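K.L.:
Sequence and predicted structure, then a few things I'm wondering about:
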Amino acid sequence: EVQLVESGGGLVQAGGSLRLSCAASGFTFDDYAIGWFRQAPGKEREGVSCISMRGGSTYYTDSVKGRFTISRDNAKNTVYLQMNSLKPEDTAVYYCAAGVPLTVATMAAGSFGSWGQGTQVTVSS
């Protein structure tokens with residue numbers, strides 16, 4: 001059974017940091033890119049960051065560049081999203097997903113076939 005389990009969300013003050021983890025099982029982890037998406041109430045789901053199968057290529061949406069860092073440990077079947085200098089507008093449910101996007105920069109949600117259940121990130125002002 002394919003599983004992606006996010007953890008690490010929580011409540012943090014603006015300017016603070018969180019590290020999200022995405023633990024995968026049930027498939028060959030390093031055959032897939034992993035993306036982080038987020039969805040705030042009343043807003044569309046947004047691609048935040050993506051990392052290629054071996055970790056050699058990464059992508060960040062403009063609003064998180066310089067603040068978020070994605071990484072993966074294929075030996076542990078885990079992807080991380082280090083989030084620094086958090087802002088209230090980063091508040092959302094964050095999901096990780098496994099897929100085969102054309103490039104890490106495209107991050108089309110339809111390219112990701114397996115999704116986690118999400119973890120809530122709340123940034124207070």
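P.N.:
All right, it came through fine.
K.L.:
List the pairing partners of whatever helix or strand residue 50 lives in within its sheet, with orientation.
P.N.:
Applying DSSP states H and E as the criterion places residue 50 in strand 46-51. Using DSSP bridges, strand 46-51 pairs in its sheet with strand 33-39 (antiparallel), strand 58-60 (antiparallel).
K.L.:
Please identify the most buried of these.
P.N.:
Comparing those by mean neighbour count (mean count of other CB atoms under 10 Å), strand 33-39 ranks first with a mean of 24. C-beta coordinates here come from the backbone N, C-alpha and C atoms, glycine included.
K.L.:
and the residue nearest the centre of the chain, what are its bridge partners?
P.N.:
Centroid check for the chain by CA atoms, centre = their mean gives residue 36 as the closest residue, at 2.2 Å. Applying DSSP bridges to residue 36 gives these bridge partners: residue 49, residue 96.
K.L.:
Surely it touches residue 93?
P.N.:
No - with contact defined as CB atoms under 8 Å, residue 36 does not count as touching residue 93 (11.2 Å).
K.L.:
before we move on, the earlier item: just how off-centre is the strand holding residue 50 within its chain?
P.N.:
Its chain's average C-alpha position is 6 Å from that of strand 46-51, according to CA atoms, centre = their mean, to the nearest Å.
K.L.:
Give me the buried stretch members for that strand, please.
P.N.:
Neighbour-count burial for strand 46-51 flags 46-51 (criterion: 16 or more other CB atoms under 10 Å).
K.L.:
contacts for that strand?
P.N.:
Under the criterion CB atoms under 8 Å, 6 or more residues apart in numbering, residues 33-39, 57-61, 64, 68, 70-72, 79, 81, 92, 94, 101, 104-105, 107, 109 lie in contact with strand 46-51.
K.L.:
between the strands paired with strand 46-51, which gets nearest to residue 124?
P.N.:
Among these, the nearest to residue 124 by CB to CB is strand 33-39 (16.8 Å).
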